[in-house]
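Asker: Quick check, what structure comes out for this input:
(one chain, ligands or ions: 1)
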Amino acid sequence: MLPIKIKEGIYWVGGIDWDLRNFHGYLTQRGSTYNSYLIIDEKITLVDNVKYYLAEEQIARIAKIIDPGKIDYIIQNHIEMDHTGSLPYIFKKAPQVKIFASPKGVEGLSKHYQQNWDCQPVKTGEVIKLGKRSLHFIQTPMVHWPDNMVTYCPEEKILFSNDAFGQHIASSERFDDEYPFNILMHEAEKYYANIVLPYGKQVQNALKVLQDVDIDTICPSHGLIWRSKIPQILKEYGKWSQNQVDDKALIIYDTMWGSTRKIAYAIQDAFEIKGIHTKMFNLQQTHISDIMTEILTAKYICVGSPTLNNNILPIVAAFLVYFKGLAPKNRIGLAFGSYGWGGQSVGIIESDLKQCGFELMTSIRMQYIPGKEELQKETDKLIEQI
Ligand code: FEO
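Answerer: Numbering: from 1, shown residues only. Presented below is the predicted three-dimensional model:
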C-alpha cells in the first residue's frame, strides 16, 4: 500500500479495484482504480477520494507520507460514490477538514451523506492558495454528472480531471508510458463510449477551456496518469466528442433459428463488396459495453432481431436501451430481422434507430428461412444504397 510520487510533494494515494468486473452494466475486464492525490503544502490537500471498500487502502497510502489527521483541505471534483465513498472514513481521522466542491457538488454531498461537513462551493475561475501552490477550479457539468469540475495547479502544470480522460484499468503501473499504449487507448475509448459519449458538447466546451492551459500531467480519477501521451488522448477526445466516425459497419443481432443470422451475413456481403470494413456481433456472445466501444467510431449501425411474441428478442431490447441512453449521433441505421408471422421486430428496431436521429436505410424483413436467391437480392439492393 505505497503512495506513488507524481511530482515533488504530490502523490497518488488511490485504491486499486483488482476484482471489479461490472461498473453499473459496463464490463470492466481489467478492473479499475479510484485515484486520489495528496498535495503536501502549507495546507495539506487531498484531491478526490475512493470507493468505500478501499478507504483503508487509501488511508494506509496517505499514512506513509503524513498523519491523515493533518489533512486540511479536500477537493471533491465529483460526488459520485466511487470518488466519495471514503469521505466518512477520512472525516473520522481529520474532522477539521474543509471540502471544496462545485455548488451542485456541495448540494449532492449533503444529500448523499447527510453530514454537517464544512463544505465551500467554488465556481469556474475561483482559486485557492495552498502555500506555494494554487488550485484553480473549472466547472465541467455533465462530464460526468451535473456537479463535475476539474482542478488545475499552474505551478505544477497538473490537471486533476476526475472522470474525464479516465480508463478502467487496475494496474501497479501509474503512468501512461509504463503501460502498453494500445491497451491504454482501447480502455480510454471503451470508457468514453460507455460513460462520456452522451456529453459530447460538454466535452468540447471543456476541451476549449483546456486549450489555454499549460498542462504536462493529467491526473484522472480512474486508471493511468497521462504525462507522455497527452496530445494523443486530447486528439481522440476531440474526435469522439464530435461524433466523428470511420467508414465502418457494425452488424449487431440475435437469432432464434438462424434466419436473422443469414440476413446479417447477407448485409455483411454488401458492405464488403463496397469495401467497407465490417464487424459482426452476435449479442449472445459479445457484451453490450464492448459493442459500444466499436460503435464510438462506426458510421453504419445495423441491428437485427427475429420477431418473438410480437416483439424483439430480450437481449436486443437490452442492447437498444443501453445504446439509446448513450445517444450516439450522425450514424446511418439499418433494421433487419426474420419472422414467421406478424413480423413486428423490424418496425420496433427502426423506431429506436429513428429516435437516435439516424438516417435509415431500407429495412430488411424476411419470412421463415430465407433462401440463397432471396438473400442475394437483399445484398444487391443494399449495395445500391451504400
Ligand atoms: Fe468515476 Fe462519475 O464517477
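
Asker: I'd like the next helix or strand past the lowest-mean-pLDDT helix or strand in the chain.
Answerer: Every helix and strand in the chain was compared by mean pLDDT, DSSP states H and E; the lowest is helix 200-211, with a mean of 90. Using DSSP states H and E, the helix or strand that directly follows helix 200-211 along the chain is strand 217-220.

Asker: Could you identify the helix or strand that succeeds that following strand?
Answerer: helix 230-241.

Asker: Pull the number of nearby residues for Lys93.
Answerer: A count of nearby residues for Lys93, using other C-beta atoms under 10 Å, gives 16. Every residue, glycine included, has its C-beta placed from N, CA and C.

Asker: cool, and Ser363?
Answerer: For Ser363, the neighbour count with other C-beta under 10 Å is 17.

Asker: my guess is it contacts Phe336, does it?
Answerer: Yes - Ser363 sits in contact with Phe336 when judged by C-beta atoms under 8 Å, with a separation of 6.3 Å.

Asker: between those two, what contacts are shared?
Answerer: Residues within reach of Ser363 and of Phe336 at once, by C-beta atoms under 8 Å, 6 or more residues apart in numbering, are 346, 349.

Asker: Asn162 bridge partners, please.
Answerer: Pro220 (DSSP bridges).

Asker: which ones are touching it?
Answerer: The contact partners of Asn162, by C-beta under 8 Å, 6+ apart, come to 48, 77-78, 83, 140, 148-150, 220-221.

Asker: Write out the residues of the protein neighbouring the ligand.
Answerer: Applying C-beta under 6 Å from any ligand atom, one finds that the chain approaches the ligand through 78, 80, 82-83, 144-145, 163, 221-222.

Asker: For those residues, work out which two are farthest apart.
Answerer: Considering C-beta to C-beta, no two members of these lie farther apart than Trp145 and His222, which are separated by 14.4 Å.

Asker: which ones among the contacts of Asn162 are found in strands?
Answerer: Using DSSP state E to define strands, the subset of those located there is 149-150, 220.

Asker: ChimeraX command for the buried members of the residues you listed?
Answerer: Here is the ChimeraX selection string for the buried members of the ones in strands among the contacts of Asn162, based on 16 or more other C-beta atoms under 10 Å:
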select :149,150,220
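
Asker: So what's the residue count around Thr362?
Answerer: Here the count is done by other C-beta under 10 Å, and Thr362 has 13 residues near it.

Asker: Just list the residues touching it, thanks.
Answerer: For Thr362, the contacting residues are 381-382, 385, taking C-beta under 8 Å, 6+ apart as the criterion.

Asker: Can you go through these and name the buried ones?
Answerer: Taking 16+ other C-beta under 10 Å as the criterion, what is buried in these is Leu382.

Asker: Dump the contacts of Thr362 into CSV; add pLDDT and secondary structure as well.
Answerer: What follows is the contacts of Thr362, written out as CSV (pLDDT from 0 to 100; DSSP: H, G, I helix; E, B strand; the rest coil):
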residue, pLDDT, secondary structure
Lys381, 98, helix
Leu382, 98, helix
Gln385, 97, helix
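
Asker: Adding distance to Ile332, write the contacts of Thr362 out as a markdown table.
Answerer: Rendered in a markdown table, the data for the contacts of Thr362 read as follows (distance: C-beta to C-beta, whole Å):
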| residue | distance to Ile332 |
| --- | --- |
| Lys381 | 15 |
| Leu382 | 12 |
| Gln385 | 9 |
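
Asker: and of the contacts of Thr362, the nearest to Trp18?
Answerer: Leu382 (45.6 Å).

Asker: Please report the distance of that closest one from the ligand.
Answerer: 40 Å (C-beta to the nearest ligand atom, to the nearest Å).

Asker: List the contacts of Glu8.
Answerer: Counting by C-beta under 8 Å, 6+ apart, Glu8 touches no other residue.

Asker: And the pLDDT at it?
Answerer: On the pLDDT scale, Glu8 is placed at 98.

Asker: Ramachandran angles for it?
Answerer: Here the main-chain torsion angles of Glu8 (degrees, to the nearest 10) amount to phi -60, psi 120.

Asker: how near is it to Ser134?
Answerer: 16 Å (C-beta to C-beta, to the nearest Å).

Asker: again with Pro198
Answerer: Here the criterion is C-beta to C-beta. By it, Pro198 lies 33 Å from Ser134.

Asker: buried sites along the helix or strand hosting Asp352?
Answerer: Under the criterion DSSP H and E, the helix or strand holding Asp352 is helix 345-355. Of the residues in helix 345-355, those buried by neighbour count under the rule 16+ other C-beta under 10 Å are 345-346, 348-350, 352-353.

Asker: can you list contacts of it?
Answerer: Contacting residues not belonging to helix 345-355 are listed as 301, 303-308, 311-313, 316, 320, 323-324, 333-337, 339, 360, 363-365 [C-beta under 8 Å, 6+ apart].

Asker: How about Ser134: which residues does it bridge to?
Answerer: Listed beta-bridge partners, Ser134: Lys129 (assigned using DSSP bridges).

Asker: pretty sure it is touching Cys153, no?
Answerer: Yes - counting by C-beta under 8 Å, Ser134 touches Cys153, with 7.0 Å between them.

Asker: and the two? which has more neighbours close in?
Answerer: Cys153 (25 against 15).

Asker: give me the low-pLDDT residue ranges for the stretch 51-200 of the chain?
Answerer: Residue ranges of the stretch 51-200 of the chain with pLDDT under 70: none are present.

Asker: out of the contacts of helix 345-355, which are inside strands?
Answerer: Assigned to strands by DSSP E, the following of these qualify: 301, 303-304, 333-337, 339, 360, 364-365.

Asker: Which pair of those residues spans the longest distance?
Answerer: Of all pairs drawn from these, the one with the longest distance (C-beta to C-beta) is Ile301 and Tyr339, at 21.0 Å.
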